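Q: fold the following, please.
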Amino acid sequence: MYDIIIIGAGPAGLTAAIYALRANKRVLVLEAKSYGGQIINAHKIDNYPGMMHVSGFEYATAIYNQAKELGAEIKFEVVTSITKEKQVTTNKSTYQARAIIIATGAENKKLNLPNEKELIGKGVSYCATCDGNFFKDKIVAINGSEFHALSDALYLSLIAKKVYLISNTDDFSKDERLFNELKEKNVDFKLNKSIKKINGNEYLESITLNDDEELNVDGLFIAVGQSPKNDIFSNCVDISKDGYILSKDGVHTSTQGIYVAGDAREKELRQLTTAVADGSIAAVMAIKEMK
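A: The predicted model follows:
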């Protein structure tokens, strides 16, 4: 019997673990892939208060080690189901808890274009910091409109010969500082446009925009947002039409004793600051209301 089982080892989940462990609770963290979540792919974190010029990998490793040092039990297993009785089943075992915190985050969205899936790893990527170095002094494109896409474009500008930024908007007021910084780099803006075709046989050769302009590129990095993977929790918690877990006040789900934190929940802003805030609040509420 664990006091709290946390599903997901991203910033929200690991923060929840830290708070629960400091309250002397027995904590199990279950993670399907690797610790850190989406932030591990960030080239540089500059919008987290008091922390400047730190890579996402450095941050994720630090918070992971902090949780481990406090005594977190972290297992890399795929959660397949949970029950309202706080039983969690994985691909390897079944566990029981007094409370559950769902912090599974979200995954990268696809463009769902022909050739996209076939060319993954052959010019098409969803992680600039993972694969950017393969395109040193080459021509690449980044597709997206939010902070993550702009951050990827900045990172790629330091590696590639030329970067096309393809966006379906020309409004970057939320990230104006970063957008202005890109104007000073080797970035060619293709605004109010989208990708219509991904061209290539064995490897990516070019992309065609919705106005039929063709760009010869060696790499295409897709950063068009995220989608949650919460279907397995639908028997226990209410989920929005977009797949996000609904919460009464940010952390409480529709089932007593099951909480949500981070990008897995429906909310306005998905940032590192809001993820760790969710994690701390979820843990405190779970401890306070634990039966």
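
Q: how far away is the closest residue to Ala60 other than its chain neighbours from Leu165?
A: Leaving aside its chain neighbours, Ala60 sits nearest to Gly36 (3.0 Å; criterion: CB to CB, 6 or more residues apart in numbering). Glycine gets a C-beta too; all of them are placed from N, C-alpha and C. Per CB to CB, to the nearest Å, Gly36 is found 26 Å from Leu165.

Q: who has more neighbours out of these two?
A: Applying other CB atoms under 10 Å to Gly36 and Leu165 shows that Leu165 carries more neighbours, namely 25 against 22.

Q: tell me who's in contact with that one.
A: Residues counted as contacts of Leu165 (CB atoms under 8 Å, 6 or more residues apart in numbering) are 141-142, 149-150, 153, 182, 187-191.

Q: what does Arg265 give?
A: 244-247, 250-251, 278.

Q: if you set the cut-off to 10 Å instead, what comes out?
A: 12, 102-104, 106, 228, 230, 237, 239-240, 244-247, 250-251, 253, 259, 274, 278, 282 (CB atoms under 10 Å, 6 or more residues apart in numbering).

Q: which residue, neighbours along the chain excluded, lies closest to Thr169?
A: Nearest to Thr169 is Ser145, by CB to CB, 6+ apart, at 5.0 Å.

Q: likewise for Ile198?
A: Asn115 (4.4 Å).

Q: which SS class is the one you found?
A: coil (DSSP: H, G, I helix; E, B strand; the rest coil).

Q: against Glu214, how distant is it?
A: Taking CB to CB, one finds Asn115 at 14 Å from Glu214.

Q: more neighbours, those two?
A: Asn115 (18 against 13).

Q: coming back round to it: the residue nearest to Ala60 contacts Ala67, doesn't it?
A: No. Judged on CB atoms under 10 Å, Gly36 makes no contact with Ala67 at a distance of 11.5 Å.

Q: quick check: neighbours shared by the two?
A: Common neighbours of Gly36 and Ala67 (CB under 10 Å, 6+ apart) are 9, 14.

Q: nearest to the spatial middle of the chain, which residue is it?
A: Gln38 (3.1 Å; CA atoms, centre = their mean).

Q: what's the closest non-adjacent residue to that residue?
A: Gly105 (6.2 Å).

Q: now Asn216
A: Ser206 (4.8 Å).

Q: give me the neighbour count for Asp242.
A: Using other CB under 10 Å, Asp242 is surrounded by 9 other residues.

Q: I meant to write Lys183 there.
A: By other CB under 10 Å, neighbour count at Lys183 equals 8.

Q: could you shift the numbering so residue one becomes 442, and keep it that way?
A: Right, with 442 as the first residue, what we last looked at is Lys624.

Q: Ala503 versus that one, what's the distance?
A: From Lys624 across to Ala503, the span is 33 Å (CB to CB).

Q: now do His589
A: From His589 to Ala503 the distance is 21 Å (CB to CB).

Q: who's more crowded, these two?
A: His589 (21 against 13).

Q: mind checking the SS state of that one?
A: Looking at His589 with three-state DSSP, the answer is helix.

Q: so it touches Lys615, yeah?
A: No. In this structure His589 lies outside contact range of Lys615 using CB under 10 Å: 11.9 Å.

Q: per-residue confidence for Arg711?
A: pLDDT for Arg711: 80.

Q: residue contacts, the closest residue to it other than its chain neighbours?
A: Once flanking residues are discounted, Arg711 sits nearest to Asp704: 4.8 Å by CB to CB, 6+ apart. Residues near Asp704 by CB under 10 Å, 6+ apart: 449, 451-453, 478-479, 544-548, 667-669, 685, 711-712, 715-716, 719.

Q: so of those, which ones are in strands?
A: 547-548, 667-669 (DSSP state E).

Q: out of all of them, which helix in the chain is the longest?
A: helix 713-730 (DSSP state H).

Q: thinking again about what came up before, so the residue nearest to Ile639 sits against Asn640, correct?
A: Yes. Between Asn556 and Asn640 there is a contact under CB under 10 Å: 7.0 Å.

Q: between the two, what contacts are shared?
A: 564, 646, 648.

Q: how many neighbours does the first one have?
A: This points to Gly564. Gly564, neighbours per other CB under 10 Å, totals 26.
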